[in-house]
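Q: pasted the sequence and its predicted model underneath.
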Amino acid sequence: MKYDDFIDKNNFNKKVIAPSLNQYDYTDMATNILNCSNIRYYAKCKKCGAYHFNGVMSCKQRLCAVCQKKRALLWYMKMLPIFKYYLNSSNKIVFVTFTIKNTEKLKDGLDYLQNGFRLLSDKAYKITKAFKYLFIGGVRSIEIKRGANSNLWHPHMHCIFIKRNNTQFKEDFEFLKSAWNTVLCTVHGEVAKWGSVDYKAINKTSNDKFKLVKLKSVEDCCKAICETFKYATKFDWQNQSQDIPELVEAIKGRRLIVPFGSIRNLLSENDIEHDLILPYTEIKKRFCAVCGENDFEEFYTYEFSTIRDSNIYDFRENEE
């Protein structure tokens, strides 16, 4: 995380998120978020003495702006080599977004999403068998926001599937549309139009006729993939503060990002949560932005005023 980005999110925690949670008596959560980043890690260049931001100790709260950003970066780092391998193989990578009808209660919407996907990928025998034939694994992520026009809750699920290279994209799309509505009808116990599917391939050429995204390289593909998991919630803290109790209670105990299939044993939400408490960057792979050297002295501090913001730099990336 860049230092300026960290400062912005830390200030947002203090000025908006923590006071909003205190307003609805979530005092313990607010206190943890206020204390988030109290321990900050730095690296001092042994040659020129420049200070470099090297991460913070995290509170691990779901609604903390700093921790949300760190989670997104950690998922990116762990997903990059895995999906890079698949993008270079005979498999294809696809974006899939599953939506449901907007709901009045957020808990209901999240239940419909999670139970629907559970049926699709694991519990509905014939549908699940067809699903696993098409897709060998992937990652799913829930995003929560209010509908722009309805003002109802609009939770939806972004997924990245690893597709076997044995069927046409249009055939897969038709199957997913039908299967998704079928499992939602089962969840609701009523036959109706309950949801929709958006389906995009990300590593195909511009000659394909179906709904595709053209990207320049494997790295660009992976960056686009990881953008899917950037935010768990798109929440307007200042204009939707009345929704805070419902949001907090609805996401309590839920896993919002879940690997499945062939990815299940390679990525773990528990690993991400563990890594949140560690310094973020590996300074052995970084260079001083001032003099270009890569020999650093590491330390941490509670006393932020001892180092002026103007003296703190971000690392220069290893260009190899």
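A: Arrived safely, thanks for sending.

Q: can you give me how far the host helix or strand of Pro259 is from the chain middle?
A: Pro259 belongs to strand 257-261 when elements are defined using DSSP states H and E. Here the centre of strand 257-261 is set off from its chain's centre by 12 Å, with C-alpha atoms, centre = their mean, to the nearest Å.

Q: neighbouring contacts of that strand?
A: When contacts are defined by C-beta atoms under 8 Å, 6 or more residues apart in numbering, strand 257-261 is touched by residues 75, 121, 132, 135-142, 162, 229, 232, 266-269, 272. (Each C-beta comes from the backbone N, C-alpha and C, glycine too.)

Q: now that strand: average pLDDT?
A: The average pLDDT for strand 257-261 rounds to 88.

Q: okay, now the sheet partners of it, with direction.
A: Strand 257-261 has the following strand partners under DSSP bridges: strand 135-143 (antiparallel).

Q: and the helices in the protein?
A: Under the criterion DSSP state H, the chain carries helices at the ranges 3-12, 18-23, 27-35, 65-87, 106-118, 125-134, 169-188, 218-227, 244-251, 269-275.

Q: ok, Ile17 - contacts?
A: Counting by C-beta under 8 Å, 6+ apart, Ile17 makes contact with Ala30, Ile33, Leu63, Cys64, Ala65, Trp237.

Q: the fourth one - how many residues pack around it?
A: Looking back up the chat, that one is Cys64. 26 (other C-beta atoms under 10 Å).

Q: that one against Ser58, yeah?
A: Yes - taking C-beta atoms under 8 Å as the contact criterion, Cys64 and Ser58 are neighbours in contact, 7.5 Å apart.

Q: what sits in contact with each of those two?
A: Applying C-beta under 8 Å, 6+ apart, one finds that Cys64 and Ser58 are jointly contacted by Cys36.

Q: grab the nearest non-local neighbour of Thr31.
A: Nearest non-adjacent residue to Thr31, counting by C-beta to C-beta, 6 or more residues apart in numbering: Ala18, 7.8 Å away.

Q: and that neighbour, what does it touch?
A: Taking C-beta under 8 Å, 6+ apart as the criterion, Ala18 is in contact with Ala30, Thr31, Ile33, Leu34.

Q: do the same with Tyr3
A: In this structure, Tyr3 makes contact with Phe53, Asp309, Ile312, Tyr313, Asp314, judged by C-beta under 8 Å, 6+ apart.

Q: let me know the closest of those residues to Asn91.
A: For these, the closest approach to Asn91 (C-beta to C-beta) belongs to Asp314, at 35.3 Å.

Q: what are the phi and psi values at the closest residue to the closest one other than its chain neighbours?
A: Residue nearest to Asp314 in three dimensions, not counting chain neighbours: Lys2, with 5.1 Å by C-beta to C-beta, 6+ apart. Dihedral angles of Lys2 (phi, psi; degrees, to the nearest 10) stand at phi -70, psi 150.

Q: what's the local residue count around Lys2?
A: Neighbour count of Lys2, defined by other C-beta under 10 Å: 11.

Q: how about Thr233?
A: Every residue meeting other C-beta under 10 Å relative to Thr233 is counted, giving 17.

Q: dump the residue contacts of the residue nearest to it when sequence neighbours are not counted.
A: Once its chain neighbours are removed from consideration, Thr233 has its nearest residue in Ile144; the separation is 4.6 Å (C-beta to C-beta, 6+ apart). With contact set as C-beta under 8 Å, 6+ apart, Ile144 has these partners: Leu106, Leu110, Trp153, His154, Pro155, Ala232, Thr233, Lys234, Phe235, Leu247, Ala250, Ile251.

Q: the fifth one against Leu113, yeah?
A: Yes - Pro155 lies in contact with Leu113 (C-beta under 8 Å); the separation is 5.7 Å.

Q: touching both of those two, which residues are there?
A: Ile100, Ile142.

Q: give me the below-cutoff pLDDT ranges for the stretch 1-150 of the chain.
A: Along the stretch 1-150 of the chain, the model assigns pLDDT under 70 to no residue.

Q: beta partners for Arg40?
A: As for beta bridges, Arg40 partners with Val56, Thr301 under DSSP bridges.

Q: repeat for the one 4 residues further on
A: According to DSSP bridges, the residues that bridge with Lys44 are Tyr51, Glu297.

Q: this completes my enquiry, with thanks.
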